[in-house]
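A.B. asks: quick one, fold the following:
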Amino acid sequence: MKQPSVPAEAESLFPVDSGKSGIPAATLVIFGGPDDRGHPELLFVERSAAMRFAPGAVVFPGGRVDEDDHVLGIRFGQHLEPDDAAARVAAIRETVEETGLLIGLRDRPDRIAEDLRSDMLEGRSLADWLDSDRIGLDLDRLAPFARWDPRFRDHRAFDTRFYLAGLNGIGDDVVSDGTENSAAFWASAKKVLDSVRSGNRSAIFPTERNLERLASLADHNAAIADSRLYGTPTITPTVIEEGGEAWLCIPEGSGYPVTRVPISEVSRGKG
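C.D. replies: Below you'll find the model as predicted:
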């Protein structure tokens, strides 16, 4: 089939079927308290403008799964599928590294843990910190929400598992790491989505689709119910041509209100 004609700046968004999954990664959607309009606030970070992938974009805290995450996953998530357990550990670890917020400790409330973040950024492992204080992880605090494995032409491919968690403690005073991210903040999905659509913020295609989905959900419990209803099928966008225009599409019936967008309108990550 002939490739649809699109502006040159959008060509990099055409998916490439590499025949294998992307790099394992995890991200965490944390529900805090309601804003002044009653919408639940979520924890976001804004990526540094200097980053190669999604510069300046608003995302949920997260990152790639490391080998050490698998070790802790086996240790604290023996009842879980191993890759799922490792991804949950990665979501917890990346969240404290990127925002200072530590969640998911067994029998302990969530809190700002700048001391741990500082140690981790200097090379200390999460496992070593847990061992030193005889603390365990409660991986069941995280609930699966979605899984995305885009294959965009000019982006490194990540197979990202999205998890949900409700804040169980103090989440004020989050601060970005100042390296990969330039800001960390709480806001409702609706507020961030409105800001993206007005051009005041930017979001990549998977984030924007998840913002649309989350904006329709009343609270953490509603999000968990929604994920159970639709499951977590792996979402890999595809391109179709219709009416002389190329559209970036995701499968119907996966819980997303918007399932296709003209590829010429899709953000590249400042974009």
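
A.B. asks: quick one: Phe44 from Leu211, how far?
C.D. replies: 10 Å (Cβ to Cβ, to the nearest Å). Where C-beta positions appear, they are placed from N, C-alpha and C, glycine not excepted.

A.B. asks: quick one: low-confidence parts of the chain?
C.D. replies: In the predicted model of the chain, residues 1-20, 153-155, 267-271 satisfy pLDDT under 70.

A.B. asks: strands along that one, start to end?
C.D. replies: Ranges of strands in the chain, per DSSP state E, are 23-34, 40-47, 58-59, 62-64, 101-102, 111-112, 143-148, 158-166, 181-188, 234-235, 238-242, 245-249, 260-262.

A.B. asks: make JSON lines out of those strands and add distance to Thr207 and mean neighbour count.
C.D. replies: Formatted as JSON lines, the strands of the chain follow (distance: least, Cβ to Cβ, whole Å; neighbours: other Cβ atoms under 10 Å):
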{"stretch": "strand 23-34", "distance to Thr207": "9", "mean neighbour count": "21"}
{"stretch": "strand 40-47", "distance to Thr207": "9", "mean neighbour count": "23"}
{"stretch": "strand 58-59", "distance to Thr207": "5", "mean neighbour count": "22"}
{"stretch": "strand 62-64", "distance to Thr207": "11", "mean neighbour count": "20"}
{"stretch": "strand 101-102", "distance to Thr207": "19", "mean neighbour count": "26"}
{"stretch": "strand 111-112", "distance to Thr207": "24", "mean neighbour count": "18"}
{"stretch": "strand 143-148", "distance to Thr207": "9", "mean neighbour count": "21"}
{"stretch": "strand 158-166", "distance to Thr207": "10", "mean neighbour count": "24"}
{"stretch": "strand 181-188", "distance to Thr207": "13", "mean neighbour count": "19"}
{"stretch": "strand 234-235", "distance to Thr207": "12", "mean neighbour count": "18"}
{"stretch": "strand 238-242", "distance to Thr207": "18", "mean neighbour count": "14"}
{"stretch": "strand 245-249", "distance to Thr207": "14", "mean neighbour count": "19"}
{"stretch": "strand 260-262", "distance to Thr207": "13", "mean neighbour count": "16"}
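
A.B. asks: which neighbours do Phe44 and Leu211 share?
C.D. replies: Val192 (Cβ atoms under 8 Å, 6 or more residues apart in numbering).

A.B. asks: that older thread, wait, which of the strands of the chain is closest to Met120?
C.D. replies: strand 101-102 (10.3 Å; Cβ to Cβ).

A.B. asks: list the strands paired with the closest one, with their directions.
C.D. replies: Strand 101-102 sits in its sheet next to strand 111-112 (antiparallel), going by DSSP bridges.

A.B. asks: got the contact list for the partner strand?
C.D. replies: Strand 111-112 is contacted from outside by Gly100, Leu101, Leu102, Gly169, Ile170, Gly171, Asp172, Asp173, Val174, using Cβ under 8 Å, 6+ apart.

A.B. asks: what are the ranges of the helices in the stretch 101-250 of the chain?
C.D. replies: With helices called from DSSP state H, counting those that start in this stretch, the stretch 101-250 of the chain shows them at 114-121, 126-133, 189-197, 205-215, 220-230.

A.B. asks: format the ones you listed as JSON lines; extra columns: mean neighbour count and distance to Val65.
C.D. replies: Shown next, in JSON lines, are the helices of the stretch 101-250 of the chain (neighbours: other Cβ atoms under 10 Å; distance: least, Cβ to Cβ, whole Å):
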{"stretch": "helix 114-121", "mean neighbour count": "15", "distance to Val65": "15"}
{"stretch": "helix 126-133", "mean neighbour count": "14", "distance to Val65": "13"}
{"stretch": "helix 189-197", "mean neighbour count": "18", "distance to Val65": "25"}
{"stretch": "helix 205-215", "mean neighbour count": "22", "distance to Val65": "17"}
{"stretch": "helix 220-230", "mean neighbour count": "16", "distance to Val65": "20"}
